[in-house]
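Visitor: pasting the sequence and the predicted model now:
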Amino acid sequence: MDQRLLADVKEHQNGNYVLTRDAEDNQLGKFDKPLPCCGCGIGWFSFLLGFVFPLMWYYATILYFWKYYHQDPRERAGLAANAIAAMIFTVVALIVVAAILL
């Protein structure tokens, strides 16, 4: 085992607690704030709103391909879900249009 980890465990048993944030890396507290759009993030909010207004799926897909999730990695799953929903919607719309025209 790592000596530092053993020292941390020993300090914890003595009642001395270790800080959860690293003083050298301030990135750890960066994502403590809640996500926008009622806490679910732009990606999932756009996904849910897309069932009423499908253009939201395309908007979020553009954000996904522009790598918006680099600002907040918690957004990646929701934006990816929008890309999949936009692809499925496009395929279904093309099939419906082809069925009507043929």
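Guide: Looks like it came in fine.

Visitor: next up, phi/psi of Cys38, please.
Guide: Here the main-chain torsion angles of Cys38 (degrees, to the nearest 10) amount to phi 60, psi 20.

Visitor: could you do Met87 as well?
Guide: phi -70, psi -50.

Visitor: tell me how far it lies from Leu79.
Guide: Here the distance between Met87 and Leu79 works out to 13 Å (CB to CB, to the nearest Å). Glycine gets a C-beta too; all of them are placed from N, C-alpha and C.

Visitor: looking at these two, which one has more neighbours?
Guide: Leu79 (24 against 12; other CB atoms under 10 Å).

Visitor: quick one: residues contacting that one.
Guide: Ile42, Gly43, Ser46, Ala60, Thr61, Leu63, Tyr64, Tyr68, Tyr69 (CB atoms under 8 Å, 6 or more residues apart in numbering).

Visitor: give me the buried positions along the helix or strand hosting it.
Guide: Assigned by DSSP states H and E, Leu79 belongs to helix 76-101. Neighbour counts over helix 76-101 (16 or more other CB atoms under 10 Å) mark Arg76, Gly78, Leu79, Ala80, Ala81, Asn82, Ala83, Ala85, Ala86, Phe89 as buried.

Visitor: got the residues you listed as CSV, with distance to Val96 and pLDDT columns?
Guide: Output for the buried residues of helix 76-101, formatted as CSV (distance: CB to CB, whole Å; pLDDT from 0 to 100):
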residue, distance to Val96, pLDDT
Arg76, 31, 90
Gly78, 26, 92
Leu79, 26, 94
Ala80, 25, 95
Ala81, 22, 96
Asn82, 21, 96
Ala83, 21, 96
Ala85, 16, 97
Ala86, 16, 97
Phe89, 10, 97
